[in-house]
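> generate a structure from the sequence data that follows.
(one chain, ligands or ions: 1)
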Amino acid sequence: EDSKKIVLEEDASLIKAKKAKISQLTELRSQRVRVFGWVHRLRQQKDIIFLVVRDGTGYLQTVLSGRVAQTYQALTLTLESSVEVVGTLQAVPEGKTAPGGHELIVDYWQVVGAAPGAEDAFTNRLNEKSDPSIQADLRHLVLRGETASSVLRLRAFLLTAFRDALTSHSLIEVTPPCLVQTQVEGGATLFKFDYYGQPAFLTQSSQLYLETCLPSLGDVFCVQESFRAENSHTRRHLSEYTHLEAELAFITFSDLMDHIEDIICKTVDLLLANPISAALVKQLNPSFEPPARPFLRISYVDAIKWLNEHGIKRPEEDAEGNAVKDESGQTKMVEHAVGDDIAEAAERQMTDIIGTPVFLYGFPAELKAFYMKKMPGKDGEKTVFTESCDLLMPNVGEIVGGSMRIADMEELIAAYKREGIDPEPYYWFTDQRKYGTCEHGGYGLGVERFLAWLANRFTVRECSLYPRWPGRATP
Ligand code: 4AD
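Residues are numbered from 1 along each chain as shown. Alright, predicted model coming up:
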């Protein structure tokens, strides 16, 4: 009852406290500071309460003792309440550890917004761990956890590092539209919608728009959401993902692969050179090592041989593309042949055995998108190959898809025809070849896949703020 009577008031005779974020506190050691945040951990002893307060920039050990620990608010404090804490920042005593090496000895504090206790307590809601769909519904609360928030903080550093790496290669950033009327990667994965009475799509890739920027802005990149209506419930597929794409003019196919390798290695170097992002990588993926250079480059044809030499088979498909079963109901597995798609399972086994980043290049034209430049054909070869490459990473598989583009207008028009694409909506893309064409190429990198590799996450769903997959657009 006594505690109800204690009313805390900030002592106006004390030195004015400096308001600060937790990450800025090191410079304010032994000074009076004011911090706002959420109760991340709470340990109540007889006369003393230990809090860990979280503000997004870090964690702060906070000590309430004496009068400040005896108020009604102190005795009823709950996890995830928001609080204001004011006090003197002290280095932790010898032999003890705390985030940042210091703790706040509180002389004044108050609850800003209390979180419920009992039934509706934060930990009770998140405890429903058994059902992944409940976890997905509670993504907004999961995000408050240490791992989820660290992944997203690392993601922010990653995007900055990518931008710095690309900018240092003289590429500039543009923002292409998401609402479009052309497809890039095939009609099967388009989200269609009604746009003021006209058919339109959510963009699958900004590539075509980037290509149009080359004559005005030079080499360009974008970080834009791409959308894929893929009915894939895999560890690496999202319906909406962050697509980092770049396009470069007057390059060769080998320049393109060199550039991709440079950007990836430079991005990793930048992340490891920054103590904050380096610590996040260490926390999430303790055994991470920057990849050795140069990356392996294996042609598609050699990859097919490699799969067969290593006994990695593919499911046999009937004319409709359905897996064929044997008498015992097992999927029939067959050897790979030139012309076959290297499916996710085979690709994953391959990258896991190789264990380092590897470029697969030179895929057959019939497996790839309409815009890809063909490789000069060899006599007697029936398959036409393209100047295309996928970069595969251990544990994740394909993280980058890139190619050289058709530079010749007639060849592009023939490609539209072959793919059954109406050239009319593509007039602006075709014009690129009409008004001063050039050899050019580019690539798209899946940011969530890259982050899954870097932070050693099981699925790309952990690498997106609010992941979307078939059936899921909440929260
Ligand atoms: O290989 P994709 O489909 O290539 C393109 O879209 C090209 N137009 C890019 C370009 O050349 N500008 O996609 C590129 C990358 C993939 O390597 C993968 O990392 C990622 O985008 N990606 C996905 N990530 C998550 N969920 C999905 N459903 C993805 N589909 C592709």
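
> interface residues of the stretch 351-475 of the chain facing the ligand?
Within the stretch 351-475 of the chain, the positions adjacent to the ligand are 398-402, 442-446, 448-449, 460 by CB under 6 Å from any ligand atom. Backbone N, C-alpha and C define where each C-beta goes, glycine included.

> farthest pair in the residues you listed?
Largest separation among these by CB to CB: 442 and 460, giving 21.9 Å.

> between the two, which one's more packed in?
The residue with more neighbours, out of residue 442 and residue 460, is residue 442; 27 against 24, by other CB atoms under 10 Å.

> so what's the more buried one closest to, chain neighbours aside?
Sequence neighbours aside, residue 247 is the residue nearest to residue 442 in space, at 3.6 Å (criterion: CB to CB, 6 or more residues apart in numbering).

> so the one you found is in which element?
Assigned by DSSP states H and E, residue 247 belongs to strand 240-249.

> now swap in residue 350 and tell me
Applying DSSP H and E, one finds residue 350 within helix 344-354.

> show me what that helix is packed up against.
Counting contacts by 3 or more CB pairs under 8 Å, 6 or more residues apart in numbering; DSSP states H and E, helix 344-354 is packed against helix 300-309, strand 388-393, strand 397-404.

> what's the neighbour count on residue 272?
Per other CB under 10 Å, the neighbour tally for residue 272 reads 16.

> bridged to residue 331, which residues?
Taking DSSP bridges as the rule, residue 331 bridges to residue 325.

> show me what contacts residue 250?
Residues in contact with residue 250 (CB atoms under 8 Å, 6 or more residues apart in numbering) are 438, 439, 440.

> closest one of those residues to the ligand?
residue 440 (10.9 Å; CB to the nearest ligand atom).

> what about the stretch 251-400 of the chain, any weak spots by pLDDT?
For the stretch 251-400 of the chain, residues meeting the criterion pLDDT under 70 lie at 379.

> which stretches in it count as strands?
296-299, 314-315, 333-334, 358-361, 388-393, 397-404 (DSSP state E, counting those that start in this stretch).

> how about these in JSON lines, adding mean neighbour count?
As requested, those are exported to JSON lines (neighbours: other CB atoms under 10 Å):
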{"stretch": "strand 296-299", "mean neighbour count": "16"}
{"stretch": "strand 314-315", "mean neighbour count": "18"}
{"stretch": "strand 333-334", "mean neighbour count": "13"}
{"stretch": "strand 358-361", "mean neighbour count": "22"}
{"stretch": "strand 388-393", "mean neighbour count": "24"}
{"stretch": "strand 397-404", "mean neighbour count": "23"}
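
> and of those strands, who's closest to residue 414?
Checking the strands of the stretch 251-400 of the chain against residue 414 by CB to CB gives strand 397-404 as the closest, at 16.6 Å.

> check which element follows the closest one along the chain.
Per DSSP H and E, the first helix or strand lying C-terminal to strand 397-404 is helix 409-419.

> and that following helix, how far out from the chain middle?
Relative to its chain's centre, helix 409-419 lies at 34 Å (CA atoms, centre = their mean, to the nearest Å).

> using PDB, write down the CA coordinates of that helix.
Only the C-alpha atoms of helix 409-419 are listed here, as PDB (Å, rounded to 0.1, in the frame of the first residue of the first chain):
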ATOM      1  CA  MET A 409      16.600  -4.400 -83.200                       C
ATOM      2  CA  GLU A 410      15.800  -7.100 -85.700                       C
ATOM      3  CA  GLU A 411      17.000  -9.800 -83.400                       C
ATOM      4  CA  LEU A 412      14.800  -8.400 -80.600                       C
ATOM      5  CA  ILE A 413      11.700  -8.300 -82.800                       C
ATOM      6  CA  ALA A 414      12.400 -11.900 -83.700                       C
ATOM      7  CA  ALA A 415      12.600 -12.700 -80.000                       C
ATOM      8  CA  TYR A 416       9.200 -11.100 -79.300                       C
ATOM      9  CA  LYS A 417       7.800 -13.200 -82.000                       C
ATOM     10  CA  ARG A 418       9.300 -16.500 -80.800                       C
ATOM     11  CA  GLU A 419       8.000 -15.900 -77.300                       C
END
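
> average pLDDT for it?
What helix 409-419 shows for mean pLDDT is 95.

> for that helix, buried residues please.
By neighbour count on 16 or more other CB atoms under 10 Å, the buried set for helix 409-419 is 412, 415, 416.

> hmm, residue 178 is touching residue 225, no?
Yes: using CB atoms under 8 Å, residue 178 is in contact with residue 225, at 6.2 Å.

> joint contacts of those two?
Common contacts of residue 178 and residue 225 (CB under 8 Å, 6+ apart): residue 203.

> how near is residue 181 to the ligand?
Residue 181 is 16 Å from the ligand, where distance means CB to the nearest ligand atom, to the nearest Å.

> nope, residue 298 is what I was after
Shown here: residue 298 relative to the ligand, a distance of 16 Å by CB to the nearest ligand atom.

> appreciated, that's everything.
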